Every structure is written in C-alpha cells, then in structure tokens.
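A.B. asks: give me a 3D structure for the following:
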Amino acid sequence: VAARAAADHPDRVDRLVLNTAGGSQADPEVMKRIITLSMAAAKNPSWETVQARIKWLMADKTKDYDDIVASRQAVYRQPGFVAAMSDIMALQDPEIRARNLLGEKEYGSITAPTLVLWTSDDPTADFSEGRRIASMIPGARFE
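C.D. replies: This next block holds a predicted model:
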C-alpha cells in the first residue's frame, strides 16, 4: 500500500520505508498457506489456530508469543470477523493479485528516498526479493 501510494502520488510521500513488503510477487503455495492459516484462525479462533498463524510469521518458532496470540484472538472473535478475513484474503486470489502486483514501472516511479528492510526469516519470500524491490526503486537503500 505504501509503495503504491508513493508511486501514484509522489507529491504526497517524502520518505518511504518498506519492511518485508508484499505485493511484488504471487507465489501460489505461499498464497494458499496464508489463506489456510488465516481462515482457520478466523473461523475457529482457538489458542492453537491463532498461535499457528502467528508462529508461521515468526523467525523463532520456539517462543509462544502469548501476548500477540491473545490480542489476535480478541480481534478474531469479534462479530463479523470471518467475513472480514475472507475479504482480506482477496489479494491471495491469483487473478486479483495479478492485477495488483507492483513491478518495475510502479517501483521505478517512486521518487521518495526509500529504505527497503528485509528479514532472513520471512516465510513469504527470502531477502533476494527485498533486494530485487530495492533495485527497481531509484536510489533505494537495502538492509
């Protein structure tokens, strides 16, 4: 979202930080995993299903992340959240994702000084994706 805003409205963005940003690729296996874990947690926000969704994102799988699990559980238990999560999963639909992907044209039109941060433990893409994104943005710094 931030990259799209910076590309579409360069006059409104002074600086940009992209932290393990999505929207640059469409890996069917990753998208399927996101849907499976997210919808399971939304439909049945038990400790186990929410924890599985959280741990998938975390580098250290040995920690319990009780505070994050508890706060997500409270969100997932709100009325109407299953429908909301289903709407959120729209970007995991291959057709919808394809028409919303950012590529060289979009990244290349970003004029704001940009820092692209990436982790070596992102379950959706390794750090080479972050480097690729940074290489498309004029003058971007990759860390």
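A.B. asks: alpha carbons of the longest helix along the chain, as CSV, please.
C.D. replies: Secondary structure assigned by DSSP state H gives helix 28-43 as the longest helix of the chain. The C-alpha trace of helix 28-43 is given here as CSV (Å, rounded to 0.1, in the frame of the first residue of the first chain):
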residue,chain,number,x,y,z
PRO,A,28,0.6,-19.9,-5.3
GLU,A,29,2.0,-22.0,-2.5
VAL,A,30,2.5,-19.1,-0.2
MET,A,31,-0.9,-17.6,-1.0
LYS,A,32,-2.6,-20.9,-0.3
ARG,A,33,-0.7,-21.2,3.1
ILE,A,34,-1.8,-17.7,4.0
ILE,A,35,-5.5,-18.4,3.2
THR,A,36,-5.4,-21.8,5.1
LEU,A,37,-3.8,-20.4,8.3
SER,A,38,-5.8,-17.2,8.3
MET,A,39,-9.2,-18.6,7.6
ALA,A,40,-8.7,-21.5,10.1
ALA,A,41,-7.8,-18.9,12.8
ALA,A,42,-10.8,-16.7,11.9
LYS,A,43,-13.3,-19.5,11.8
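A.B. asks: just checking, what packs against it?
C.D. replies: Where contact means 3 or more Cβ pairs under 8 Å, 6 or more residues apart in numbering; DSSP states H and E, helix 28-43 is packed against helix 47-57, helix 66-76, helix 81-88, helix 94-100. Every residue, glycine included, has its C-beta placed from N, CA and C.
A.B. asks: pLDDT of the third one, averaged?
C.D. replies: If I follow you right, that is helix 81-88. Average pLDDT, helix 81-88: 96.
A.B. asks: quick one: that helix to helix 66-76, angle?
C.D. replies: With axes from the mean of the first three to the mean of the last three Cα atoms, to 10 degrees applied, the angle from helix 81-88 to helix 66-76 works out at 100 degrees.
A.B. asks: buried deepest among the helices and strands packed on helix 28-43, which one?
C.D. replies: Highest mean neighbour count of the helices and strands packed on helix 28-43: helix 47-57, a mean of 18 (counted as mean count of other Cβ atoms under 10 Å).
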